[in-house]
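quick one: sequence and predicted model below, then my questions.
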Amino acid sequence: GEDVEQSLFLSVREGDSSVINCTYTDSSSTYLYWYKQEPGAGLQLLTYIFSNMDMKQDQRLTVLLNKKDKHLSLRIADTQTGDSAIYFCAERSAGNNRKLIWGLGTSLAVNP
Amino acid sequence: DTEVTQTPKHLVMGMTNKKSLKCEQHMGHRAMYWYKQKAKKPPELMFVYSYEKLSINESVPSRFSPECPNSSLLNLHLHALQPEDSALYLCASSQDPGTGASYEQYFGPGTRLTVT
């Protein structure tokens, strides 16, 4: 079945770049999303990428998609303490476009 | 404006109570969603409404009853809940698939529910 995997934890120093990785199994994915969740808050859509794109950049965020390897990454440049949160990767399948398949989330800790 | 609002922020209820969660969006979205989220876990889809009709029910127990009175509002009626139903309940909205758009989902801040 469809599955999305992420590493659970990442720790970086303030000012460094963070790279959060995600792998998925569904080759019919249409869109892939990155959401951020701070403690006690809802989910904030950070960015998304269409499956026929390789890269998308939005200010400090860069998304890379390797469709052949079914690998998605989110790079945060100049990571700040305010970036500390859980980051969820999610994919939308062409087969069921109202339902997202979610990764377990990567907890990013930014150390001063 | 990409805001989804939810009320109340926090709710404590006993197992015999009846309460409702409310969600509102003014983005013109025609799909609305209820999710349940346990701490440090991804959200679990409960219900999807599309054009005010229930299109997905993920085998949710009948003690949760959704309602979509109009295209901007979504309610979740709660009755006879169990302690294990304590969680963060998130509402989301999106353009409906079929418009050809990316139909990304926008989430509200959630209602933190505690069942005692």
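It's in. Quick caveat: nothing in here was measured; it's all calculated off a predicted structure.

return the residues of chain A in contact with chain B.
Within chain A, the positions lying close to chain B (CB under 8 Å from any CB of the partner chain) are A:31, A:33, A:35, A:40-45, A:48, A:50, A:86, A:88, A:90, A:92, A:97-100, A:102-105, A:107. Every residue, glycine included, has its C-beta placed from N, CA and C.

which PyMOL command selects the buried ones in these?
Of the residues of chain A next to chain B, the buried ones can be selected in PyMOL as follows, counting by 16 or more other CB atoms under 10 Å in any protein chain shown:
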select buried, chain A and resi 31+33+35+42+43+45+48+86+88+90+92+98+99+100+102+103+104+105+107
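
out of the residues of chain A next to chain B, name the ones that lie in strands.
Judged by DSSP state E, the residues of chain A next to chain B include A:31, A:33, A:35, A:43-45, A:48, A:50, A:86, A:88, A:90, A:92, A:97-100, A:102, A:107 as members of strands.

and the pLDDT at the closest residue to chain A within chain B?
Closest approach between chain B and chain A, counting by CB to the nearest CB: B:P42, at 3.6 Å. At B:P42, the pLDDT value in this model is 96.

and it, what element?
Using DSSP states H and E, B:P42 falls within no helix or strand.

distance-wise, check the nearest residue to it once chain neighbours are set aside relative to A:Y35.
Leaving aside its sequence neighbours, B:P42 sits nearest to A:W102 (CB to CB, 6 or more residues apart in numbering or on different chains; 3.6 Å). For A:W102, the distance to A:Y35 (CB to CB, to the nearest Å) stands at 9 Å.
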